[in-house]
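Visitor: sequence and predicted structure below; questions after.
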Amino acid sequence: MRYIELFLQYSGQYIKTRLAYRSDVVVGFLFDLLQQVVNLTFIFLVFDYTSSMNGWSRDEVIFIYGYFLIPFSIFMAFFNIWQFNDEYIIKGQMDRVLTRPIHSLYQVLLEKMELESLLGCLTGATIMIFSGFALNISFGIKDMLLFLPFVIGGVLVYGGVFVFLASLAFFTDSKLSIMPMMYNVGNYGRYPIQIYNRAIRFVLTWILPFAFVGSYPASYFLNRTEWVGYALFTPIMGLIVFIISIYFWNYGVKKYRGVGS
Amino acid sequence: MIQVRNLHKSYRVHSARKGVAGAFRDLFSRQSYEVNAVQDISFHIPRGEIVGYIGENGAGKSTTIKMLTGILTPSCGEIICNGMNPHMQREAYVKTIGVVFGQRSQLWWDIAVQESFRLLKKVYQVDDRTYQHHMDLILSTLDLSELLDKPVRKLSLGQRMRAELAAALLHNPAILFLDEPTIGLDVLVKMKIREFLKEINQTYQTTILLTTHDISDIEALCERVIMLDGGNIIYDGNLSELRRKYVTKKQISFEFTKPTDIQTLSSQTEHLNLKWKAGENMHQWIGILPISIREKASISEVMTAVSKQNEIVDLQVRELALEEIIRKIYEKGAVHG
């Protein structure tokens, strides 16, 4: 309850500061949109040469891409911790965070929120709806009910992996640059994972389970029954990854050494 | 209130080898060594006391403060503050303390001071009535009322520091930790902050532990000092006692209307245990008086004896400043006896 109230307070302040830089928000959104257009064009180009990729049609691939954007945008809005090592550990902001009576991770996430990324959900939903119509997909009550846990599961998978990586900063005092690399690996999740070879598939399912962000749950909505089990496992996978990473974070806080004076 | 027993903190530090080849070798085997930032510190601070925590850079001041505020985990030893273990019960504990790090802001850079306070009020779950009552006092004492609408980034250092103090005291903590609270501030702001701290201490019986390099902070605020060197406590006690131990003589500088010489002066003060030293010219003479138990009496005796036969233009009594005492201690090492 208290944490929700805090979230509202922080969001209120965030919106106030962002309103001062309205043009920034607009430019950011347009840039984001442009990037989606580029990515979609890429998919279109690929399908100019082939009508299916390992059994996936163009519209299906685009549908998965659109679905993926929703958890991904939510992740981008609330887990903006790419710079955690630099801003909090090296510049010593973590000290301040640790002198406040809220869980330290929650504080960092609230402070780094980037709510305008949520606009990406609209882009994703639009893509999903259009390709859904093209594919003639029916979206029943059951799908509606599963949509939310799937999205949340996906956000938790992504968030969990990045919290885990951010926690590594507690153990070292040098700069880490695996974040951008992970980000690229994470993008694999926006295409059906069946197009990759077995090794990558295994990694994306059980080690860095990014396939649970886009591929598996979206294939459920595409009525691909082969992976129903995986799809339904999404929320649980999300919880598992997230809980592990919170434990790791808490352990990191214990080992935190701070910076000089 | 603050109870510290056999506190110890050591770090592993990795040392980087020189050059490109060294960096390459570091990839495979890193050299590291142990640094004892704080070793075996024990002290007790009762409620309502203001304690100065001093030492040179790297003496372990900040490390101790960070352990006391729950930021760092002690390597071994025990800390009990407000009946809690800072690191184990961090979230409950930090509600009962206030922290100001002079070189680091607690406030949100982009939003107005007032909005920062409002967020902190939520963070610390302060109810409206307590907040109103308590903050009115703080804001008026710190003279912050007209700064409330400004964003923090537009404040001057002095203004920001006052806002930081208000933010740290918003939830009326039982203990206040100040790490270099007056660093870089001008004399007027410093004085204001000191007065404010005294007032808070008297009104709420707030325990205050402060580190500083500015000895005048200590002189103005603290009755007790804890001195640290190389991670060890080398002195813990009264400020006046420290002074009594180290200040063994006083200098009385005279300026006379007529030139005089050392023989005349010595004969005039023969019955006193006083040594004379020449000043800048024949008009100026300095008497060095060892401090005895009846120190006040002996100064007046000197005055009577000297003023009887000489006309005095100017007079100055000086004793060793605290800063000099502290420097002396560090040069000599630990305080014995």
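Guide: Nice, thanks for sending it over.
Visitor: rest of the way, CA atoms for contacts and neighbours
Guide: Will do.
Visitor: what does the helix or strand containing B:F196 contact?
Guide: Counting by DSSP states H and E, the secondary-structure element that holds B:F196 is helix B:187-204. Residues from elsewhere that reach helix B:187-204, judged by Cα atoms under 8 Å, 6 or more residues apart in numbering or on different chains: B:48-50, B:141-142, B:158, B:162, B:182, B:206-208, B:217, B:220-221.
Visitor: run a quick neighbour tally on the residue in the stretch 201-337 of chain B positioned nearest to chain A.
Guide: Here the stretch 201-337 of chain B gets closest to chain A at one residue, B:T211, 11.0 Å apart by Cα to the nearest Cα. Burial measure for B:T211: 27 neighbouring residues, criterion other Cα atoms under 10 Å in any protein chain shown.
Visitor: now do the contacts for it.
Guide: Residues touching B:T211, when contacts are defined by Cα under 8 Å, 6+ apart, comprise B:G52, B:Y53, B:I54, B:K61, B:S62, B:L178, B:D179, B:E180, B:P181.
Visitor: run the last query once more with 6 Å
Guide: B:G52, B:Y53, B:I54, B:D179, B:E180 (Cα atoms under 6 Å, 6 or more residues apart in numbering or on different chains).
Visitor: phi, psi of the last one?
Guide: Reported as degrees, to the nearest 10, the phi and psi values for B:E180 are phi 50, psi 60.
Visitor: wait, it sits on B:T212?
Guide: Yes. In this structure B:E180 lies within contact range of B:T212 using Cα atoms under 6 Å: 4.7 Å.
Visitor: in the helix holding B:F196, which residues are buried?
Guide: B:V189, B:K190, B:M191, B:I193, B:R194, B:E195, B:F196, B:L197, B:K198, B:I200, B:N201 (16 or more other Cα atoms under 10 Å in any protein chain shown).
Visitor: can you give me the offset of that helix from its chain's centre?
Guide: Between the mean C-alpha location of helix B:187-204 and the chain-wide mean there is a distance of 13 Å, by Cα atoms, centre = their mean, to the nearest Å.
Visitor: would you mind listing what in chain A touches chain B?
Guide: With the criterion set to Cα under 6 Å from any Cα of the partner chain, chain A comes near chain B through A:L98, A:T99, A:R100, A:P101, A:S261.
Visitor: if I pick the residue in chain A that chain B sits nearest to, what's in contact with it?
Guide: Evaluated by Cα to the nearest Cα, chain A has A:P101 as its residue closest to chain B, separated by 4.2 Å. With contacts defined as Cα under 6 Å, 6+ apart, A:P101 is in contact with B:E91, B:V94, B:K95.
Visitor: so which residues of the chain form strands?
Guide: Assuming you mean chain A. Per DSSP state E, chain A carries strands over the ranges A:52-53, A:56-57.
Visitor: sorry, should have said chain B
Guide: With DSSP E, the ranges of strands along chain B come out as B:2-15, B:31-45, B:50-55, B:76-81, B:97-101, B:175-179, B:207-211, B:224-229, B:232-238, B:249-256, B:275-278, B:284-290, B:312-319.
Visitor: what's in contact with the second one?
Guide: Contact partners of strand B:31-45, identified using Cα under 6 Å, 6+ apart, comprise B:1-15, B:60, B:231-232.
Visitor: and with 8 Å instead?
Guide: B:1-16, B:51, B:58-60, B:63-64, B:77, B:230-233.
Visitor: so, low pLDDT: which residues of the stretch 51-200 of chain B?
Guide: In the prediction, the stretch 51-200 of chain B carries no residues with pLDDT under 70.
Visitor: list, one by one, the residues from it near chain A.
Guide: B:62-63, B:69-73, B:90-95, B:99, B:104, B:106, B:110-111, B:115, B:119, B:122-124 (Cα under 8 Å from any Cα of the partner chain).
Visitor: picking up where we left off before, just name the closest of the contacts of B:T211 to chain A, please.
Guide: Using Cα to the nearest Cα, B:D179 comes nearest to chain A of the contacts of B:T211, at 8.8 Å.
Visitor: quick check: that closest one touching B:S105?
Guide: No. Checked against Cα atoms under 8 Å, the pair B:D179 and B:S105 is beyond contact range at 11.8 Å.
Visitor: the two - which one has more neighbours?
Guide: Neighbours per residue, other Cα under 10 Å: of B:D179 and B:S105, the larger number sits with B:D179, 24 against 16.
Visitor: gap between the more buried one and B:Q103?
Guide: Between B:D179 and B:Q103 the computed distance is 8 Å (Cα to Cα, to the nearest Å).
Visitor: what pLDDT does the model give B:K296?
Guide: B:K296 is assigned 58 on the pLDDT scale.
Visitor: now distance to A:A134 too, for the strands of chain B, in CSV please.
Guide: Below are these laid out as CSV (distance: least, Cα to Cα, whole Å):
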stretch, distance to A:A134
strand B:2-15, 59
strand B:31-45, 62
strand B:50-55, 72
strand B:76-81, 66
strand B:97-101, 60
strand B:175-179, 64
strand B:207-211, 69
strand B:224-229, 75
strand B:232-238, 75
strand B:249-256, 97
strand B:275-278, 104
strand B:284-290, 101
strand B:312-319, 92
